[in-house]
Structure formats: structure tokens, C-alpha cells
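Asker: structure for the following, please:
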Amino acid sequence: MRRFFAAALCAVLACGLTACSQGGEQSADFYAMDTTMNVTAYGAGAKSAVDETVAEVNRLDSLLSRTRIDSVISQLNAGTANRAVGMEVWDLLSAAEKYSAATNGAFDITIAPVVSAWGFTTDHYQVPDQSELDELLTHVGSAHIHLGEESIVTLDNDTQIDLGGIAKGYASDCVEAILAKDGVESAKVALGGNIYVRGSKPDGSAWRVGVQDPENSDGFVGILSLTDAFAVTSGGYQRYFEQGGKRYHHIIDPATGYPAENGLTSVTVVAPGNEEETTGEPGHGTMCDAFSTALFVMGEEKAVAFWRSGVYSFQMVLVTQDGRVLVTDGLKDKFEQEDGSGYAYETISRSPS
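Answerer: Next up, the predicted model:
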């Protein structure tokens, strides 16, 4: 992924924040939702799709950001009682509650004050006192969010929400819809660690998506060959600080208030595009984003059990602290191991061996 963003940075220098064209290719690099983003599309509708994508992601940032004081989420967190947030935000909060329930709270958007206590909102990092964490955790849990009729949302006193673990996934679902509307059949979208690839590459081959080595920012544990798919990675290597000789990363376990330490260093969740879906469920980009965080918090054993339950349709790649890469069997023919990585590779099947 680092290699991808290095290329993206070069594109920013060459083209600025507007779309640039080379033949049938339209591409734009931009910054939103606290990360560098890129969209590249091919074909007759590519330019309009790229322009609409940049506008759409910035619109969603203005709605969903916790750090923008004028956003709907910031105003909700400020304590406005019985606030009408609009059905789009209401639906996303409803999806977040659903994923929280499905993961027994491993995914929880009410973790916001705890994340702030660690300094991950302001980059003023610190290890909070246990007494502070104990108090903040009394306000964590989806039971503190009340979704009423007509898009009304109420938060209990001192409860705040952070959609950082789901907003980019939702944005990727929205971008997929834009690409479909504009007739784009080949595109790649990188919204931070959230990847969406549409169709195949212009030459007909699959898109190659690297799964970064958590121990080597210049390396990969493997390459995924994907068409029409979402791939979202969460890892403790993405954002962290060190204090007293110990590393503290940004993925907080809602049960403890501390960075999750359950034996995993990264989780990648993969699911197909949404166009064949007619269930009315949240989009697969949204799901992948939420589950990549939740499975990291769960740890290997619970993550594998959750996948094996089959309640949700997705595949995954787990990288463990003890040097293993676990790939679910649905990706077996789409995952290329990295030679010389030093990792041991295993395939996980639906039924335990």
C-alpha cells in the first residue's frame, strides 16, 4: 500500500487536485476523511465519474467527520437533544448498530471519547489513567444511541460517536454507485485503506491489490487478484505512538479501552461488489470496513469462528503476531504469496480440520 500511495503522491504533484487524463484514463488524487485518496476510471464516462467521486467523498466528509465542527456528527456529539440527522446519516447509524450487535460490541462507534483520551483525534498522544478510562467506558455501547422516527437521533449524556471505522467503507459504496451510473466498467478507488475495484483492468486482467506486511512498510505478505470487489485492511501498524518502550496503536478494544492485543497485526476483509445485491442490507464496502476493525479486535480464534458462521458473506486475510498469514479458502485462487516474506501461510476452510 505504501508503494501505491507513493505513486499517488507523484500524481498529486503532476496533476494537482483535478482529474488528469492519459488516453481513456481519468484520475484524481485528493485528501478527505483524514487520508489521501485516489480514483482512477476508464472509458467514456470516466471524467464525470471522477469529478463526481471527489465531490461525493467531500460531501460525506462534511456530514460524517467528528473533527469538523459544522458536520452533522459533530453537532450531534455536541449534545443537541432529539436531533434530526437526515435519513442518510440515520441509516448509517442503524447499520453501525447492526454490526455492533453482530460482533458482540467488537465494532462500536461510541468509542469516540476513549479514542480522544489516547490522543488519536488530536495527535497529542498519551496513555490515559485507568480511572479516566473506567469512567469513559460507562458511556460506551450501542445502547447509548437512540434512533427515533423521522431521522431523529438522541445520545445519552456524555456519549459521543465516531464513524471513522465505517465512513470510508460507506463512501466506497457511494462511489461504486456513481461509477455504475456513469457507465464506467473499469476503475480503481483507494480511500485510505479501503479499496474498491470495478470490473477488470482495461487489458482484461484482474486488479492486483497488495496486502501490506505490518512489519515492513515497503513489503507485502501477498497480492490479491480481484475484480468487482471491495478490500479493506485494518492494522495496528497504520497509526500508533510509543511511550515507555511500548507501542500503542489506534484500534481500541471497546471492552477494555486499550488498544486491542489479541494476536493479530492486520486484517483484510474482501467482498464482492453490490450490483447483484437486492437485499436492502448495508453495502459491502460499509460491511468490510466495519468487520476489518471488529475482527482485529476479536483476535484470530473469534474472527475465524465469525467467518465460519456464514452469517455474512465475505473472505479475509489475517496476519498474526507469531508470523502466520491465514487466507480463507474463497481467496485461495486469488491470493499470491510473497516469496521470502518469512511468513508461514495457511488456508482456512469453512469446516475445522
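Asker: for Q321, see how far away Y240 is.
Answerer: 14 Å (C-beta to C-beta, to the nearest Å). In this view, the C-beta of every residue, glycine as well, is placed from N, C-alpha and C.
Asker: list the buried ones in whichever helix or strand S225 is part of?
Answerer: Applying DSSP states H and E as the criterion places S225 in strand 216-226. For strand 216-226, the neighbour count (16 or more other C-beta atoms under 10 Å) marks 219-226 as buried.
Asker: check contacts around A294.
Answerer: 99, 103, 106-107, 306 (C-beta atoms under 8 Å, 6 or more residues apart in numbering).
Asker: hang on, it in a strand?
Answerer: No - looking at A294 with DSSP: H, G, I helix; E, B strand; the rest coil, it is helix, so not inside a strand.
Asker: export the contacts of A294 to JSON lines and tack on neighbour count and pLDDT?
Answerer: Below are the contacts of A294 laid out as JSON lines (neighbours: other C-beta atoms under 10 Å; pLDDT from 0 to 100):
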{"residue": "Y99", "neighbour count": "24", "pLDDT": "97"}
{"residue": "T103", "neighbour count": "22", "pLDDT": "97"}
{"residue": "A106", "neighbour count": "25", "pLDDT": "98"}
{"residue": "F107", "neighbour count": "28", "pLDDT": "98"}
{"residue": "F306", "neighbour count": "21", "pLDDT": "98"}
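Asker: now A101, what's its secondary structure?
Answerer: Quick answer, by three-state DSSP: A101 is helix.
Asker: list the residues that contact the residue lying closest to it once chain neighbours are set aside.
Answerer: Spatial nearest neighbour of A101, excluding adjacent residues (C-beta to C-beta, 6 or more residues apart in numbering): S142 at 6.9 Å. Neighbouring residues of S142 by C-beta under 8 Å, 6+ apart: 96-97, 100-101, 105, 108-110.
Asker: for stretch 201-219, measure first residue to last.
Answerer: End-to-end distance for stretch 201-219, by C-alpha to C-alpha, to the nearest Å: 23 Å.
Asker: what residues does that stretch touch?
Answerer: 1-4, 24-25, 42, 186, 188, 195, 197, 200, 220-227, 231, 233, 235-237, 265-266, 268, 317, 319, 334, 338, 341.
Asker: ok, now with 7 Å
Answerer: By C-beta atoms under 7 Å, 6 or more residues apart in numbering, the residues outside stretch 201-219 that reach it are 1-2, 42, 186, 188, 195, 197, 200, 220-227, 231, 233, 235, 237, 265-266, 268, 317, 319, 338, 341.
Asker: likewise for stretch 30-50?
Answerer: So stretch 30-50 is in contact with 5, 8, 17, 19, 24-29, 53-54, 57-58, 61, 167-168, 175, 178-179, 182-192, 202, going by C-beta under 7 Å, 6+ apart.
Asker: please apply the same query to stretch 102-120.
Answerer: Residues outside stretch 102-120 that contact it (C-beta under 7 Å, 6+ apart): 66, 96, 99-100, 121, 125-126, 128, 132-133, 136-137, 139-142, 144-145, 159-163, 165-166, 239, 248, 250, 252, 254-255, 257, 290, 293-294, 297-298, 311.
Asker: now that stretch: buried residues?
Answerer: So stretch 102-120, judged by 16+ other C-beta under 10 Å, has buried residues 102-103, 105-120.
Asker: now the helices: where do they sit in the chain?
Answerer: 2-15, 46-64, 72-77, 87-102, 112-117, 130-137, 167-181, 284-298, 300-309 (DSSP state H).
Asker: show the contacting residues for the most centrally placed residue in the chain.
Answerer: By C-alpha atoms, centre = their mean, the chain has its centre lying nearest to D289, at 3.4 Å. D289 sits next to 165-166, 168-169, 194, 232 when contact means C-beta under 7 Å, 6+ apart.
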